[in-house]
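Chemist: sequence and predicted structure are below.
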Amino acid sequence: MLKKISAKNIKELRNKTGAGMTDCKKALEASEGQIDIAIEALRKKGLASADKKSNRLAAEGLIESYIHAGSRIGVLIEINCETDFVSRQPKFHQLAKDIAMQIAACQSVVYVFKSDIPDDIINYEQGLELQKEDLLNKPIEIKNKIANGRLDKRLKELSLMDQNFIKKTEITIEELVKQHIALWGENIKIRRFERFLLGEGLESKNNNFKDEVSNMIQDKS
């Protein structure tokens, strides 16, 4: 006989996971009212279907910021979800904050996905790898294999989703996002980000100004 599940317990589980009312009720019934077990069951169920949700429209969400200690590095990130219910969840805000912090810590990261990297960047990096001295005298097949392996590693360094999560290094940012897709049962997308470094670009601008002044002086002499 199934244990009777109260509306209060269903609401509590929904607030903790963001899952649908029916799914929450079924999970609680299967776990005989044990919320922790129900949460884990919902997460496992969601992880199995996370990839299926990746193409669903995510038009809600938030823009989050992270300023590193000393206020010399800052990050703005836009992260999207499907409903304002999820966007209001403290765990969603924490996810955005954690990813913004990751971006601040990983200075080599420029793109969200590896697939976002332009072809000219890929070709440039591939050319650099093929020209490295330790590959010059190797047979072409071995040379290409090694270069492609190194290229893939380099492209992952540029991609946010391929980074190991600094708070839990056994998972990547992509896996972290999928865990949250499983938690709430809806698509989550990191849309864009911008990193700000204090004083970035000032030196080059200053040099350009010096050159302009120098040319003006030469023209007048």
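Modeler: Thanks, I have it.
Chemist: which one is residue 9 nearest to, not counting chain neighbours?
Modeler: residue 28 (5.8 Å; CB to CB, 6 or more residues apart in numbering). Quick note: C-beta positions are derived from backbone N, CA and C, even for glycine.
Chemist: low-confidence ranges in this structure?
Modeler: Low-confidence segments of the chain, defined by pLDDT under 70: 1-3, 16-20, 44-57, 203-221.
Chemist: what about the helices in it?
Modeler: Assigned by DSSP state H, the helices in the chain fall at 7-17, 21-30, 35-48, 50-53, 84-87, 90-105, 119-130, 140-158, 173-184, 202-220.
Chemist: please identify the buried residues of the second one?
Modeler: Pointing back at helix 21-30 there. Using 16 or more other CB atoms under 10 Å as the test for burial, helix 21-30 gives 23, 24, 25, 26, 27, 28.
Chemist: in JSON lines, list these along with distance to residue 97.
Modeler: Converted to JSON lines, these look like this (distance: CB to CB, whole Å):
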{"residue": "23", "distance to residue 97": "27"}
{"residue": "24", "distance to residue 97": "26"}
{"residue": "25", "distance to residue 97": "32"}
{"residue": "26", "distance to residue 97": "32"}
{"residue": "27", "distance to residue 97": "28"}
{"residue": "28", "distance to residue 97": "30"}
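Chemist: nearest to residue 193, of the residues you listed?
Modeler: Checking the buried residues of helix 21-30 against residue 193 with CB to CB, the nearest one is residue 23 at 31.8 Å.
Chemist: and for the spatially closest residue to that closest one that is not a sequence neighbour, the neighbour number?
Modeler: The shortest distance from residue 23 to any non-neighbouring residue, by CB to CB, 6+ apart, is to residue 42 (6.4 Å). Using other CB atoms under 10 Å, residue 42 has 27 other residues around it.
Chemist: doesn't residue 27 make contact with residue 42?
Modeler: Yes. Residue 42 lies in contact with residue 27 (CB atoms under 8 Å); the separation is 5.2 Å.
Chemist: quick check: buried residues in stretch 58-69?
Modeler: Neighbour-count burial for stretch 58-69, counted by 16+ other CB under 10 Å, picks out 58, 60, 61, 62, 64, 66.
Chemist: go on, stretch 69-79?
Modeler: 73, 74, 75, 77, 79.
Chemist: quick check: the residue nearest to residue 158 when sequence neighbours are not counted vs residue 182, distance?
Modeler: Nearest non-adjacent residue to residue 158, counting by CB to CB, 6+ apart: residue 110, 5.1 Å away. As judged by CB to CB, to the nearest Å, residue 110 and residue 182 stand 28 Å apart.
Chemist: what about those two, which has more around it?
Modeler: Ranked by neighbour count (other CB under 10 Å), residue 110 and residue 182 place residue 182 first, with 20 against 16.
Chemist: now do residue 76 against residue 189, distance only.
Modeler: For residue 76 relative to residue 189 (CB to CB), the value is 16 Å.
Chemist: residue 27 now?
Modeler: 26 Å.
Chemist: tell me the domain ranges of this structure?
Modeler: Following automatic domain parsing, one finds the domains of the chain at 1-48, 57-114+159-199, 118-157.
Chemist: got a list of what the nearest residue to residue 196 once chain neighbours are set aside touches?
Modeler: In space, and not counting its chain neighbours, residue 196 is closest to residue 74: 4.4 Å by CB to CB, 6+ apart. Residue 74 is in contact with 65, 66, 67, 68, 104, 195, 196, counting by CB atoms under 8 Å, 6 or more residues apart in numbering.
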